[in-house]
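Peer 1: With the input below, show me the fold.
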Amino acid sequence: MTVARNKASMAVSTQMPTAGVTRCGPAASETSASYVTRLLRQMRNEPMGRLLYLDHFGLRSAPFQLTPNPDFFFGAGDRGHLLYALLYSLRHGNGIVTLTGEVGTGKTMLARMLLSCAPKALDIAFIANPSLRRCEVVPVIADELGIDLAGAPAAQGLRLLQRALIDRYASGRRVVVLVDEAHAMGLGALEEIRLLSNLESSSHKLLQILLVGQEELHATLAQPAQRPLRERITQRLHLAPLAEEEVGSYLAFRMQRGGAATDPFDAGAVRLIAHGSLGLIRRVNILADKSLMAAFIDDAPRVLRRHVELALNDAAFQAIRAATRPSALGRLWRRYGLGRTGPV
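Peer 2: Below is the predicted model of the structure:
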């Protein structure tokens, strides 16, 4: 079956006999409730819909995938400036850095972007699985850095790691341990991270550590037992949701990166996506994807408010905490025009 025949079989539009043009939306004899039910059913059950809307909107690839892809990194707002701040802190800093944010703000994307654009002299051990036992921390870091511990006992493994770090430092290289989802890391593993932060030469730390996590990381670090770790934190960065006025630019940017020649999102649709997502990038992506699918099934050339209403109905987001605060340091980087150019 051709794409055209597939599309015709799914279209929910009807023909206006007097004008001879396609009419989008519910049929004349269809109630709003039955139209919503029918369109949601098609959105859920049509296995080719997600593929076919790419052609409908002139896309080469899906623009709103949830998997972090550095090619789709949106550097406006605080994000570009925070990336620069992270690179600068990890290259020149002398302590532990934390990056926190609400669920779905794009922390992992920022971490992936950090990996992709880090200077060649920066070696990064990326720990994506925080559920490590304390005894596993050193072997995992060594493995990420390509350091062979040869099954050495814990004490000897730590000495081998330290020796390798000293050699790298002497050759001009810096080593960073990046822990994603750090709010889920056990207290024992965090204590091991703290001890690793003590590894140093006569003048500099041998390891820079970046802890990336949800807001719960603050509560974990506030515990009395974590005071030694907390005292070693030199930078506390925060990733805020997109501002309402940034959502439209984000949607247009992602569509352009996906190959679209024009931005199909109507102004009313953008406002509703911004309101319904609370600026959380994951929710923006979900709503944009569902809205594009609804517009495709509706055979509409643009994404309208009613398509976003269907997407919101289908997504059924749960309530979250009150809006998180913006990043003060991000605003500072922006004020002085940093984050776009310049060496790190």
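Peer 1: Any figure for the gap between F64 and L251?
Peer 2: 9 Å (CB to CB, to the nearest Å). Using the backbone N, CA and C atoms, a C-beta is placed for each residue, glycine as well.
Peer 1: Low-confidence stretches in the stretch 51-200 of the chain?
Peer 2: 51 (pLDDT under 70).
Peer 1: Just want to know which of F64 and L251 has more residues nearby.
Peer 2: Between F64 and L251, counting by other CB atoms under 10 Å, L251 is the more crowded of the two (26 against 21).
Peer 1: Give me the pLDDT for the nearest residue in space to the more buried one that is not next to it in sequence.
Peer 2: Distance criterion CB to CB, 6 or more residues apart in numbering; nearest residue to L251, sequence neighbours excluded, is F265 at 5.1 Å. Per-residue confidence (pLDDT) for F265: 97.
Peer 1: just the one 3 residues further on next, same as before
Peer 2: We have a pLDDT of 96 for G268.
Peer 1: from what I can see, it looks like it's in a helix, true?
Peer 2: Yes - under DSSP: H, G, I helix; E, B strand; the rest coil, G268 sits within a helix.
Peer 1: roughly how far apart are it and H307?
Peer 2: Relative to H307, G268 is positioned 10 Å away (CB to CB).
Peer 1: what's the answer for F74, then?
Peer 2: Counting by CB to CB, the gap from F74 to H307 is 22 Å.
Peer 1: Of the two, which one has the most company?
Peer 2: The neighbour comparison of F74 against H307 (other CB under 10 Å) goes to H307, with 30 against 20.
Peer 1: Setting aside sequence neighbours, what's the nearest residue to that one?
Peer 2: Nearest residue to H307, sequence neighbours excluded (CB to CB, 6+ apart): A294, at 4.0 Å.
Peer 1: Could you give the backbone dihedrals for the one you found?
Peer 2: With angles defined as degrees, to the nearest 10, A294 sits at phi -60, psi -40.
Peer 1: Could you do the one 10 residues further on as well?
Peer 2: Dihedral angles of L304 (phi, psi; degrees, to the nearest 10) stand at phi -110, psi 170.
Peer 1: Could you tell me which residues make contact with the residue nearest to L251?
Peer 2: Counting by CB atoms under 8 Å, 6 or more residues apart in numbering, F265 makes contact with 248, 251-252, 255, 273, 288, 291, 302-303.
Peer 1: Mind checking which of those are in helices?
Peer 2: Taking DSSP state H, the ones among the contacts of F265 that sit in helices are 248, 251-252, 255, 273, 288, 291.
Peer 1: could you dump the residues you listed to a markdown table with distance to H92?
Peer 2: Shown next, in a markdown table, are the ones in helices among the contacts of F265 (distance: CB to CB, whole Å):
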| residue | distance to H92 |
| --- | --- |
| G248 | 36 |
| L251 | 35 |
| A252 | 35 |
| M255 | 37 |
| I273 | 39 |
| A288 | 37 |
| S291 | 43 |
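Peer 1: From L87, how far off is A128?
Peer 2: 20 Å.
Peer 1: re earlier: A152: which of the ones in helices among the contacts of F265 is nearest?
Peer 2: Proximity of the ones in helices among the contacts of F265 to A152 (CB to CB) peaks at A288, which lies at 49.7 Å.
Peer 1: where do the helices sit along the stretch 201-344 of the chain?
Peer 2: Along the stretch 201-344 of the chain, the segments classed as helices by DSSP state H, counting those that start in this stretch run 216-221, 227-230, 244-257, 267-277, 281-297, 305-315, 328-335.
Peer 1: Name the stretch among the ones you listed that sits most buried.
Peer 2: Of all the helices of the stretch 201-344 of the chain, helix 281-297 has the most neighbours on average by mean count of other CB atoms under 10 Å, namely a mean of 24.
Peer 1: can I get the CA coordinates of that helix in CSV?
Peer 2: What follows is helix 281-297 as a C-alpha-only set of coordinates in CSV (Å, rounded to 0.1, in the frame of the first residue of the first chain):
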residue,chain,number,x,y,z
ILE,A,281,11.8,19.7,27.6
ARG,A,282,10.7,16.1,27.9
ARG,A,283,7.1,17.2,28.1
VAL,A,284,7.5,19.7,25.2
ASN,A,285,8.9,16.8,23.1
ILE,A,286,6.0,14.5,24.0
LEU,A,287,3.4,17.1,23.2
ALA,A,288,5.1,18.2,20.0
ASP,A,289,5.4,14.7,18.7
LYS,A,290,1.7,13.8,19.5
SER,A,291,0.5,17.1,18.1
LEU,A,292,2.4,16.5,14.8
MET,A,293,0.8,13.1,14.6
ALA,A,294,-2.6,14.5,15.3
ALA,A,295,-2.2,17.1,12.6
PHE,A,296,-1.0,14.5,10.1
ILE,A,297,-4.0,12.3,10.8
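Peer 1: Quickly find the element holding the closest residue to L145 other than its chain neighbours.
Peer 2: Excluding the flanking residues, the one nearest L145 by CB to CB, 6+ apart is A125, at 5.2 Å. If you go by DSSP states H and E, A125 is part of strand 122-127.
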